[in-house]
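Enquirer: the sequence and its predicted three-dimensional model are supplied below.
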Amino acid sequence: MIETKVIDQMPWVYAVPWDPADESHKDALVSREWLVTNGLGGYASGSVSGVCTRRYHGLLVAALPAPLGRMVMLTQLSEETRLPGGRVVRLSGQEHPGDPLTLDWLRYLTEFRLEMGTPVWRFEIGDFVLEKRLVLPYRQNTAHISYSLVEGKGVLRLRLRPYLHFRPHESKVDSPLSTPYRVIADGDRMEVCSRDTHPEYREAGILPPLRLASRFRTGAFILDGGRFEEVFYRTEYSRGYESKGSLWTPGYFRFNMEKGDQATVVASTEEWDTILALEPGEADAAEQERRRRLLDTADPRARGGAAAQLVLAADQFIIAPNTRLADVARARASGDEFRTVIAGYHWFTDWGRDTMISLEGLTLTTGRQAEAGYILRTFAHYIKYGLIPNMFPEGEREGLYHTADATFWYFHALDRYIKASGDQHTLRILLPKLLDIFEHHLNGTRFGIGMDPADSLIRQGEEGYQLTWMDAKVADWVVTPRRGKAVEINALWYNALRLLEQWLEEADQPHTASRVRETADKTYESFNRRFWNEEKGYLFDLVDGETGDDPCLRPNQILALSLNHPVLAPQRWKPVLHAVTANLLTPVGLRSLGPHERDYKLKYDGDLRARDAAYHQGTVWAWLIGPFIDAWLRVHQGDKQTARRFLDGFMPHLHEAGVGSISEIFDAEEPFVPRGCVAQAWSVAEVLRCLVLTDTSTD
């Protein structure tokens, strides 16, 4: 195992030392991934080893206006050095179909580290020390890949060969290359254009060229006629997807470097004036300063240690998207800004549920209250049928509304925002929309979502749809349909009713507040009568379902006592918390199903069907540690020390999978292998929020 260390003299630096003599380190460097984002939804990502293992890996994945969406524009720079004596040393490579992955170049890689979130690789080649770093200037689809010669006598010749395959980042790696590419070169600049339009985005508009430039006093780009290279993507293979695809290269950059020199390749889809506005050193300094400000404005309890790293990780999810231009125009016309949250990297877009669960940790804990307001007002524009959108598909302008809980999470997020900011103006302008939500749920809305007038509980469900957060679906198979009255939906409904009642009273609308209060009172009585499972000593996961009441032990019931207005009667808090603690709690979150249940799955692995069959059937979810700790502190008031220990398992995880971030899910049993997205918004948000919540330094 590779141990990661924190370098004290350089704050917020995580270093991964590499022992070339230890063969076991190779797999760790291939499996660990880095991520840099640009504030638009675009990103750069890869494995620490430099090998591309996913379809999503690339040095520039640009976020382009809908309907294009995120596009892989530059996949890799192949790196090769020539020493003064003529010896050629390779510093990177790819896995090829049928060939064993030797990773022979890793003998020269001595360290990988994150400096304020910026990835840096250190290579030692004989007497030469070369460092590589990657910076994405904020709010640009631009990447700066810089190489600094830190030590060495004489001239080191560096050759960098760009490999590319223009394609949507979700498309298969074997998608046909849009060939032939057209290259327009002008000195140290060039543009690579797609001559014919790829079938996958033929209707998607015009794809901008990839603009490449070298920033160095001497250097050249050598066009050598272009060539193809077939690559094997091992993670895609393990996930049951197409795993072999071709990359194309037009030639290579060549730099002759001496000690103290820095050479940079700039890749971008922006216009040249934007690309050349900042020198590489200026772009790096500006980004480092921006990240320092993030730490300076965060909650004081989040400015050191793991919490500080998560403040930087949280920044990756908050974006000002340039994909839905009409929405940007609408927000700015009202004097606002358009903000949203990417639910996870690499494949998620912005999801309503994830955004509202994440909002407190991502924005309020980090001191970004203005952006929290932007997000809430942005989603208010999308309210239809009394619902907020579940998600926005990649490259689409319209959201999908198939969710029963995201709208109630909106009330929760708004409550946390108002308490942190005191922004009564936003509450006033949103109150009519909140009332509209209430009325729609009273009368019934889409997908069978609505209140049962007999007991004031929310029922939901429509054939072929997955409406709760347990939303796995393969083709027409909904793995956990949960059609009926779900426990967490009704806990959220009750919390929303009590919040709305309070806000209406404050707005001097007593008659309407009374209607809401009556509904809340009936919901409380019905919930405690219907959901309590006397035989098991905890709550049913679902009542009035297609096959009756569901006694499966799931973590959803924790919301009945974790929210600001708990719907569960206080005398039942301890037994529910005990059942969840004894059966579902792990070092990295809560299991999604009790180990004794029939459908319990030990691992989240295999092809898509196998993975989705396990997604909510035992698989551990990191975000659930947040509601669990809230519930724990409600039952064990003031016991922050014990609550803090529930977060200890996340600390070593910051050094694996997505280095510096927190994964979406984990296997249900030891060693709790991280799975799913390597960086997930609600995982980061809830762990960060709870690190601050359980901090005892100021008590």
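Expert: Structure received. Because the structure is predicted, anything quoted here is derived from the model rather than measured.

Enquirer: what's the closest residue to residue 316 other than its chain neighbours sitting at in phi/psi?
Expert: In this structure, residue 316 finds its nearest non-sequential neighbour in residue 37, 4.2 Å apart by Cβ to Cβ, 6 or more residues apart in numbering. (Each C-beta comes from the backbone N, C-alpha and C, glycine too.) Note on residue 37: its backbone torsions stand at phi -120, psi 170 [degrees, to the nearest 10].

Enquirer: which residues touch the closest residue to residue 189 other than its chain neighbours?
Expert: Nearest residue to residue 189, sequence neighbours excluded (Cβ to Cβ, 6+ apart): residue 213, at 4.6 Å. Taking Cβ atoms under 8 Å, 6 or more residues apart in numbering, we find residue 213 in contact with 188-190, 265-266, 275-276.

Enquirer: make a markdown table out of those and add distance to residue 41, neighbour count and pLDDT.
Expert: Below are these laid out as a markdown table (distance: Cβ to Cβ, whole Å; neighbours: other Cβ atoms under 10 Å; pLDDT from 0 to 100):
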| residue | distance to residue 41 | neighbour count | pLDDT |
| --- | --- | --- | --- |
| 188 | 29 | 16 | 81 |
| 189 | 26 | 16 | 89 |
| 190 | 26 | 21 | 91 |
| 265 | 23 | 24 | 97 |
| 266 | 20 | 26 | 97 |
| 275 | 19 | 21 | 95 |
| 276 | 24 | 15 | 92 |
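
Enquirer: can you flag which of these belong to helices?
Expert: residue 275 (DSSP state H).

Enquirer: can I get the contacts of residue 213 in TSV including distance to residue 33?
Expert: Shown next, in TSV, are the contacts of residue 213 (distance: Cβ to Cβ, whole Å):
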residue	distance to residue 33
188	31
189	31
190	29
265	21
266	23
275	27
276	30
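
Enquirer: ok so, going back, how far away is the residue nearest to residue 189 from residue 256?
Expert: 18 Å (Cβ to Cβ, to the nearest Å).

Enquirer: tell me what residue 451 is bridged to.
Expert: Per DSSP bridges, the residues bridged to residue 451 are residue 458.

Enquirer: and the next element down the chain from the one helix or strand residue 121 maps to?
Expert: In the assignment (DSSP states H and E), residue 121 maps to strand 118-125. Moving toward the C-terminus from strand 118-125, the next helix or strand (DSSP H and E) is strand 128-135.

Enquirer: angle of that following strand against strand 118-125?
Expert: 160 degrees (axes from the mean of the first three to the mean of the last three Cα atoms, to 10 degrees).

Enquirer: so which elements touch strand 128-135?
Expert: In this structure, strand 128-135 packs against strand 76-82, strand 118-125, strand 142-151, strand 156-163, helix 280-297, with contacts taken as 3 or more Cβ pairs under 8 Å, 6 or more residues apart in numbering; DSSP states H and E.

Enquirer: do me a favour and average the pLDDT over that strand.
Expert: Average pLDDT, strand 128-135: 98.

Enquirer: mind listing residues that contact stretch 576-589?
Expert: Contacts for stretch 576-589 (Cβ under 8 Å, 6+ apart): 536-539, 553-555, 557-558, 560-561, 568, 590-591, 594-596, 620-625, 628, 631-632, 635, 646, 648-650, 653, 666, 668, 672, 674, 683.

Enquirer: list the beta-bridge partners for the residue most central in space within the chain.
Expert: Compute the mean C-alpha point of the chain, and by Cα atoms, centre = their mean the closest residue is residue 344, 2.2 Å away. According to DSSP bridges, the partner residues bridging residue 344 are residue 680.

Enquirer: what's the burial count for residue 331?
Expert: When counting by other Cβ atoms under 10 Å, one arrives at 18 neighbours for residue 331.

Enquirer: A strand includes it, no?
Expert: No. If the criterion is DSSP: H, G, I helix; E, B strand; the rest coil, then residue 331 is helix and not within a strand.

Enquirer: now do the contacts for it.
Expert: Neighbours of residue 331 in contact, by Cβ under 8 Å, 6+ apart: 337-338, 374, 377-378, 381.

Enquirer: please point out which parts of stretch 24-36 sit buried.
Expert: Using 16 or more other Cβ atoms under 10 Å as the test for burial, stretch 24-36 gives 25-26, 28-36.

Enquirer: filter those down to the ones in helices?
Expert: Counting by DSSP H, these contribute 25-26, 28-31 to helices.

Enquirer: and of those, the nearest to residue 482?
Expert: residue 31 (33.5 Å; Cβ to Cβ).

Enquirer: my guess is the closest one meets residue 51, correct?
Expert: No. Taking Cβ atoms under 8 Å as the definition, residue 31 is not a contact partner of residue 51, at 10.1 Å.

Enquirer: endpoints of stretch 131-141, how far apart?
Expert: Taking Cα to Cα, to the nearest Å, stretch 131-141 runs 23 Å from one end to the other.

Enquirer: ignore the last one, stretch 586-604
Expert: Stretch 586-604: ends 15 Å apart by Cα to Cα.

Enquirer: do stretch 665-674 as well
Expert: Where stretch 665-674 begins and where it ends lie 6 Å apart, using Cα to Cα.

Enquirer: list the buried ones in that stretch?
Expert: Within stretch 665-674, judged by 16+ other Cβ under 10 Å, the buried ones are 665-669, 672-674.

Enquirer: what of stretch 54-69?
Expert: 54-66, 68-69.

Enquirer: domains of this protein?
Expert: 5-291, 298-435, 584-699 (automatic domain parsing).

Enquirer: need the per-residue pLDDT for the residue nearest to residue 189.
Expert: According to the predicted model, the pLDDT of residue 213 comes to 95.

Enquirer: any idea how far residue 190 is from it?
Expert: From residue 213 to residue 190 the distance is 8 Å (Cβ to Cβ).

Enquirer: residue 441 and residue 457 touch, don't they?
Expert: No. The pair residue 441 / residue 457 is not scored as a contact, 10.9 Å apart, by Cβ under 8 Å.

Enquirer: in what helix or strand does the residue sitting furthest away from the middle of the chain lie?
Expert: What lies farthest from the middle of the chain is residue 85; by Cα atoms, centre = their mean that is 46.2 Å. Residue 85 is part of no helix or strand, with elements assigned from DSSP H and E.

Enquirer: with residue 582 instead?
Expert: Counting by DSSP H and E, residue 582 is found in helix 573-583.

Enquirer: now do the strand holding residue 121: which elements does it pack against?
Expert: Looks like strand 118-125 contacts strand 33-37, strand 109-115, strand 128-135, helix 280-297 (3+ Cβ pairs under 8 Å, 6+ apart).

Enquirer: how far does the third one sit from the chain's center?
Expert: Strand 128-135 has its average C-alpha position 26 Å from the chain's average C-alpha position, going by Cα atoms, centre = their mean, to the nearest Å.

Enquirer: buried residues, that strand. List them.
Expert: Neighbour-count burial for strand 128-135 [16+ other Cβ under 10 Å]: 128-135.

Enquirer: if anything else comes up later, I'll come back, but that's it for now.
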